[in-house]
Structures are given as C-alpha cells and as structure tokens.
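Engineer: have a look at this prediction, sequence included:
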Amino acid sequence: MTKPIELTLLSESRLDPRPHNGLLTYNPSIELFAGAAGPKTLQIWRSNSQVVTKSSQRGDRDSVEALCWKADGQFLAVGWSDGVVRLMGLETNKAVHQMPICEAGKSRITCIGWGRNNSGKRPDSATAASSLPLEDVLPTGLFPSGKKSIVDLPRELTFLEVETALPKLSPLPASGGSGDDSFVFTTRASLEFLFQPFSPHDSDKVDVMIVGTDDGQIHVSIYDSFIIGTFNYTLPQPSERGVSLQLCHHASHPNLSTHILVFRPSKDDKASTIYLIPMDLTFIHSSPENLSLLASKTTTLQKLLRYVKQVQMHMIHEWQSTRELPTRFLNSINETLRESEKYGEMTIGQALYHSVVTGHTFPEVKEWLIDQLAERGHKRWDKAVVSGLQALRSLVHENFLPALERIGIILSRLLGIARFHESKAETGFTSAQITRVMDIVSCLMLVGNKILLIVMEELELFQSFSIWLRHEIDRLASSSGTDDLTEKEATMEHGKILAYIQQYMSTSPLRHHLSNVSTENSEKGRRQAEGGSSLLELLSKQLKKHDTGQPDESVFSQVEFLCGYLDDKTDAIFEGIAEAEKRSVRFGQPAAFKLENKISMIDVSMSVSSNHSAPQAVTYTALTTEKKEHTVYIFRTSMSVLNGISGPVTTSVSCMQLGDGRVLNLKFLCNNSLLVLWAPEDQTPRIIRIPHKSDELGYQPYNSGDSINPHVLSNDQVTSVFTNLTIPCEPSFAPALMEVNEACSERGHIPPRVCLLGGDLQTYKVFALPEDEF
C-alpha cells in the first residue's frame, strides 16, 4: 500500500445561497470563484467568502445556464436563459461583451468551453520579447562586441502598437447612455480592462470559445468576442441522422487546431450513448502571420464602435437637455404674444432683439421676464445651457474625437492587410471596403470638430446673453434705475447678445448635427451615399449650404446617421472575415461510446503524440454510469491530424472497478492525471490519481456497442497501485462535487488545486495538491 498524501487546505468558504444546479467554477489564475447564487443571480466570491459582485438580467427573470472561465482567468463566460452569453471582466462587475447565441424559449445554452491554440508554425524567434534595444535589432556585423540579432524585424513592425502612444480614453458619464453598454464604459478600470494593448507575446495564440445549445447548434468565436459563426451538426450515419444532439463537453490542446466536441442526445439528460466529434479549425493551423493582428484589431474596433455609439447617445442627450428648459420658457411667451394679437407674427426672438437695440420692452415680455422667468427661472436657464454645452464640449473633445482617432489607426492597419493579401477570399474584406469606412470616419471627425467650434461659440455668446437677460430682469423689476445697473449695461457686448438671439436662441446650428434621424431619411441618405460620390464630398457640400444659410434636408451632417452608417459598413467587414474563417471549419469522423447504463459523470482531456509522421491527437474520455458507481471507464481515441485536418478515428478502452468505493466525481489534471474522488465503504473519501496515459491500464480495442469487461480491483489494490490523497476535514464534510486547476503563475504562484463542494452544497474547500506529484 502506497503511503497516502494529505492535502493542504488553502481556503474554506460557506456559500449562501447554494449554487443552482451545481453551477460553480474556480478561477484558474486567481483566488476567485463564481456560481449561480440561486437560479436568477450570478455571484462572484473571493476565497475569504467576500462577495465581489452580484448580477442578474432583465429584472431577475433570466436564469444562469452555464459558466466557464477563460484559460487565463481574465473573463467569465456566463450563459443566460435569454440565449445570450455575457463575458464578465475580471476587473469590472459589468458584462463587457454580449453575444446572442439562440432565441429565448426556443432553445437554451447547455455548454460553454474555452480553449487556447497556437496558430500556424512560427520560428523560435517569434516568441522573443518585442521590447529590444536598437543594437539587438541591427545586424551583428555593425557591432564589434559581436552581439547577435535574434529579432524578426518585419514581424516586430507588424505587431508594433501605435495606440499606446495615444492618450487614454476617458470614462463616460454614468447617466445618459442606453442599452446593454450603458454602464460598461463609465469607469477608468473598465476602460483599461477593455482596451488593454495587444501583447506580442500572445501573437501566436488564439483563444477559442465554443458554445452549444440543446438544439445541436455550435457557436464559435475567437479572441473573446469575434464571432466566427454558428454550425448545426448532424451525425453522418443514415441510421442516426434523426438523432438530435446537444453539446455537453469540449476539449482542446494548444498545439492542435482540432477541437473535440462531446455530444449526447438532447432529449435525454442522462443518455447511455455519447459521441466524440473532431472539429477542425483549419484557419488557425494555416493562419497567416497576421491572424492574431487581424483578430485583435477587429475586436478592438468592435469595442471602439460600441464606445462611439454610447458617446453619440450622450452627445444627443446633452444637447437636448440644453434645449428642453429654454424651449419651454420661449414657447410660453410666444403663445402669450400670439394670444395678445397686437404684434402679428412677432416672436420672442424679435421682441428681445427689439429690446436690445431700442431699450424698450413690450408689456407682455416685461411681465414674462419679471413674473414667470424671474431670477429663479434665469438661474435654471443659465445652468441648463452652460452645464449642457460644457458636458457636450467634453464629450466631443475627450471621448468622441479620441475614439475616432483610434478607429482611424486600426483601419489603416486593416487597409494594409487587405492590400497585402489582395484576395478577399483570404481575409474576407477588400481595401475598397476599408477605404469606404475610413471615408465615414473622416466625416465623423469633420462633424465632431464642427460641433466643437459651434459649442465654443454658443457658450461665449450665451454668456453675454445671460448677463444681459439677468440685467433686464433686474432693471424691469426695479422701481427706478440704479447706477450699478447703468454701469453693467455699459460693459455689455451687444453684438454678441444680438448674435445669440438671431443664431442660437430659437434654433441652434447644432440641430444640423445632433438631431434624431427618421428611418425614412436615413434610408434616403444611404441610397445617396451609395450612389458613387464620396461621402466626404456630400458632407462638404451640405456644410457649405449650412454656412451660407441655404436650406438642406440631407442627413450627412447628422452624427446619428453617420454612426449608424459606420456600424453597417463595419458589420459587413466583420461578417466577411467571419465567413472566410467559417469556410475553414470542418467536422471529422465521429466516435460513439455506447454503454449499458446511463452515463452520470464525464470529463475529457486532449493530448498530442508525435511518434508518427503526422501528429496524433489523443483524446481521453473518463466516465461513470448510474448503476455501476464503483466503475470508471476511460476511452482513448486517436486520430492523425495533418495540415489541421483530422483523419480516421481508432478507439480503445480501459475499465476499472475500484473496490467497493463509490466514484463521486472525476476530473483530468495536467494532461497526465485522472483524479477520482473515491469513497470506500465505512471510510472517509479520498482522491485517487490514475495515470490514464499508461499502457499498464490494459487498453483494449473498442468499437461502438462492444461489451466491456472491467479490471476488478480490491480497495487495497486501489490504494497500493495508485497514488491516493487524503482530505483533511471534519467527519461531517462529505464532498459531492470536485473541480481541479493546474498550477498558475499569472499573479503570483498558485499551486495545483482541487476544489470540493460539500454535500450540503454550501461548504466549499480548496486544497493544494503536492507539486512534485502534479
């Protein structure tokens, strides 16, 4: 009997409420875990039981369906019953990405898997650090010291980050936004997390997220939020084509672009048959040098477009707030002037212009200024206009224009990629498409600067008008003139006051840029823009008409139209890129595992064997069945992978009956260990380590439906043959669920861990595994 190893307790927590449906997962890189705190709420805890965040959707109506941390622990993917996967950032409690997967009520999310692949074949220098001194970049012969050049200069230039030299984007106000992103960009921490600079060290890595639904749909995305597409898998065998499948597990290996999907019949929660399906993402294997550049830039572009959309909403909101209260005041006096029937079609603008020029005030206007507007109304008017225009100026200067500059830089990189590849089939977009989008961005830059100039002028003119208006209220309310009022009047800039009354008081020039656009006018503008003329030329003509006072109902100067048009054109580019990659996705030969009893637990691990002319993908599937709680099945499935395409599948199986102990759970760890949570009769549970790659397990060839004879072991044989780990805990603690994580050094060293949830579904313990064993 091998000497048992006692685990070391790292942390203990008590979960309240209990995790719904056992949805609980530990962050692989930091002491943080997430779970469904009841069916409607996502909750994230620290290891000391401190709650980091709670979130729910749509007024607590949607429930949590699936959870999965990204491999580096930076994102938590949460599948909700409304059919949307929301990515929660590690540094923020908000959903920073939202991906619609399926229609609520028609299907539901059943599984989320995340893997990281190395793209293509790269020279060793590809992993060299990007930040190198100049002498290391230049040829060795130039330096007597004989320093050797180890850097790939073209590659370094490819991944040169220009955006880091730009000022950081500013957070948006907490109110004024709309939609799912209304709070995503409101904090500095959230912005810095979302717009982290691309690391050259990650240039050869592709993060792949797989989401499955109960109607057999497979949703594939890369680089956190760049959607490749949705696939509907059906079994190729004629006898099984009618079987409806759903994804229940996913496995991948960094050095293989082939992923393994595990399906089960969707109408059976615990089926006796599962199917292993290779999914070949050949675009990762054959990816050009700039796949990571392309994907990282397009995902950043998507985030910037979301940011600009929110800025646009804030800008329109702020401008409308500057007009709302003054318009009410002006409409009130205009109605009074009309009802008096003394002045024809005269408006308050003409009446105030008359007062500025002549010093005479009409009786109705005097009454309005003294009784209705008065000091309090003037203060409200002044505050609404000044604060609104200042906020609008800040939004344009600190948010809108800087974001457009970043978009322009990204588009220039994409234009270079399009010109380099020439063929749309390779990248999914053309240089003409990028040029068109750059034209729209140029229009937005021009309009943004125009808005800035108008706001600055309106602020200056309004301040003069506001001083005069307050003077008029005080003068008319005073029974006799005073020297102070006379001195104030002498210092007033009447030209600016008249300019404001004429140009801004009733209708501001900002209406040409910040008004809401009807669907009909928007469609008309799009048709004109598609007519062949440059959008920038159309905009310039419209701005000239505005400057000369000519009427023009075109929408090319409206920010809302331009932002919507920009979204449409960029969406076409994103769809083209996704379609180009989607054509490179194929499904390989399935392998079916048919057992006598319903499968109760399953885990999957993938490894690579290089002992052949082509790399061999070896998948290990460990499972247990309901009526044989003492037995563990390990299926070994091998296939060659040549140029990213999987070949024929061969399967062998090892089956072990582990004494009289029940198998409570099982998980693969570190690519070489299967950990089995094992509970012998009348003994405390322990963890058994099975070296699943060892040929000594007696693997036998397997074809679907074959009978499987187990290797029967006694309890003593189990503890003497396999490394066994004891769990130091009180007798009342009965573990029910297990999760394992490898060692991590992302944020300080964390040893390999095993996480156990007690049978009460509230006691949660995290233990460190011995590093010399794992």
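Structural biologist: Thanks, I have the structure now. Keep in mind that this is a model prediction, so the values were computed, not measured. Residues are numbered from 1 along each chain as shown.
Engineer: what sits up against stretch 706-722?
Structural biologist: With C-beta atoms under 8 Å, 6 or more residues apart in numbering as the test, stretch 706-722 has contacts from 1-2, 4, 595, 631, 633, 653-661, 678, 680, 688-691, 697-698, 700, 702, 724. In short, each C-beta sits where N, CA and C put it, glycine included.
Engineer: tell me the mean pLDDT for the longest strand along the chain?
Structural biologist: Longest strand in the chain, counting residues (DSSP state E): strand 645-658. Averaging pLDDT along strand 645-658 yields 94.
Engineer: show the subsequent helix or strand relative to that strand.
Structural biologist: With elements assigned by DSSP states H and E, the helix or strand that comes after strand 645-658 is strand 662-669.
Engineer: please point out which parts of that next one sit buried.
Structural biologist: Under the neighbour-count criterion of 16 or more other C-beta atoms under 10 Å, strand 662-669 has 663-669 buried.
Engineer: check the gap between residue 507 and residue 496 for me.
Structural biologist: 18 Å (C-beta to C-beta, to the nearest Å).
Engineer: quick check: which element contains the closest residue to residue 413 other than its chain neighbours?
Structural biologist: Nearest non-adjacent residue to residue 413, counting by C-beta to C-beta, 6 or more residues apart in numbering: residue 297, 5.5 Å away. Per DSSP H and E, residue 297 falls inside helix 291-340.
Engineer: repeat that for residue 343.
Structural biologist: Short version, using DSSP H and E: residue 343 is in no helix or strand.
Engineer: the nearest residue to it once chain neighbours are set aside: neighbouring residues, count only.
Structural biologist: In this structure, residue 343 finds its nearest non-sequential neighbour in residue 337, 5.8 Å apart by C-beta to C-beta, 6+ apart. Neighbourhood size, residue 337 [other C-beta atoms under 10 Å]: 21.
Engineer: ok so, going back, which strands and helices sit next to the longest strand of the chain?
Structural biologist: strand 273-281, strand 591-594, strand 631-642, strand 700-701, strand 711-713 (3 or more C-beta pairs under 8 Å, 6 or more residues apart in numbering; DSSP states H and E).
Engineer: how about it: buried residues?
Structural biologist: So, applying 16+ other C-beta under 10 Å, buried residues of strand 645-658: 645-647, 649, 651-658.
Engineer: any idea how far residue 722 is from the closest residue to residue 688 other than its chain neighbours?
Structural biologist: In this structure, residue 688 finds its nearest non-sequential neighbour in residue 676, 4.4 Å apart by C-beta to C-beta, 6+ apart. Shown here: residue 676 relative to residue 722, a distance of 8 Å by C-beta to C-beta.
Engineer: was I right to think residue 107 contacts residue 217?
Structural biologist: Yes - with contact defined as C-beta atoms under 8 Å, residue 107 reaches residue 217; the gap is 6.9 Å.
Engineer: center of the chain - which residue?
Structural biologist: Closest to where the C-alpha atoms of the chain average out (C-alpha atoms, centre = their mean) is residue 97, at 2.5 Å.
Engineer: partner residues bridging it?
Structural biologist: Beta-bridge partners of residue 97, counted by DSSP bridges, are residue 87.
Engineer: residues contacting it?
Structural biologist: Per C-beta under 8 Å, 6+ apart, neighbours of residue 97: 75, 86-87, 224-225.
Engineer: dump the residue contacts of the residue nearest to residue 343.
Structural biologist: 343, 346-348, 351, 362, 364-365.
Engineer: just put those residues in JSON lines and tack on secondary structure and neighbour count.
Structural biologist: Formatted as JSON lines, those follow (DSSP: H, G, I helix; E, B strand; the rest coil; neighbours: other C-beta atoms under 10 Å):
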{"residue": "343", "secondary structure": "coil", "neighbour count": "15"}
{"residue": "346", "secondary structure": "coil", "neighbour count": "15"}
{"residue": "347", "secondary structure": "coil", "neighbour count": "16"}
{"residue": "348", "secondary structure": "helix", "neighbour count": "23"}
{"residue": "351", "secondary structure": "helix", "neighbour count": "20"}
{"residue": "362", "secondary structure": "coil", "neighbour count": "20"}
{"residue": "364", "secondary structure": "helix", "neighbour count": "17"}
{"residue": "365", "secondary structure": "helix", "neighbour count": "22"}
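Engineer: of these, which is the nearest to residue 67?
Structural biologist: residue 348 (60.7 Å; C-beta to C-beta).
Engineer: does that closest one touch residue 332 like I think?
Structural biologist: No - Residue 348 lies out of contact with residue 332 (C-beta under 8 Å); the separation is 9.1 Å.
Engineer: which non-adjacent residue is nearest residue 499?
Structural biologist: In space, and not counting its chain neighbours, residue 499 is closest to residue 461: 5.4 Å by C-beta to C-beta, 6+ apart.
Engineer: ok, residue 284 next?
Structural biologist: With C-beta to C-beta, 6+ apart, the residue lying closest to residue 284 is residue 257, at 3.9 Å.
Engineer: count of neighbours near the one you found?
Structural biologist: Residue 257 has 29 neighbouring residues, counting by other C-beta under 10 Å.
Engineer: so it touches residue 291, yeah?
Structural biologist: No - using C-beta under 8 Å, residue 257 makes no contact with residue 291, being 11.2 Å away.
Engineer: between the two, which contacts overlap?
Structural biologist: 119, 283-284.
Engineer: could you dump these to JSON lines with neighbour count and secondary structure?
Structural biologist: Converted to JSON lines, the shared contacts of residue 257 and residue 291 look like this (neighbours: other C-beta atoms under 10 Å; DSSP: H, G, I helix; E, B strand; the rest coil):
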{"residue": "119", "neighbour count": "22", "secondary structure": "coil"}
{"residue": "283", "neighbour count": "22", "secondary structure": "helix"}
{"residue": "284", "neighbour count": "24", "secondary structure": "helix"}
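Engineer: any low-confidence regions in the stretch 1-150 of the chain?
Structural biologist: Along the stretch 1-150 of the chain, segments meeting pLDDT under 70 span 1-2, 58-61, 91-93, 120-150.
Engineer: so where do the strands sit in it?
Structural biologist: For the stretch 1-150 of the chain, the strands defined by DSSP state E, counting those that start in this stretch cover 5-6, 8-14, 19-26, 32-37, 42-46, 51-55, 64-69, 75-80, 84-89, 95-100, 109-118.
Engineer: what does the stretch 651-774 of the chain give?
Structural biologist: Under DSSP E, counting those that start in this stretch, the stretch 651-774 of the chain gives strands at 662-669, 673-679, 686-690, 700-701, 711-713, 723-726, 735-741, 753-758, 763-768.
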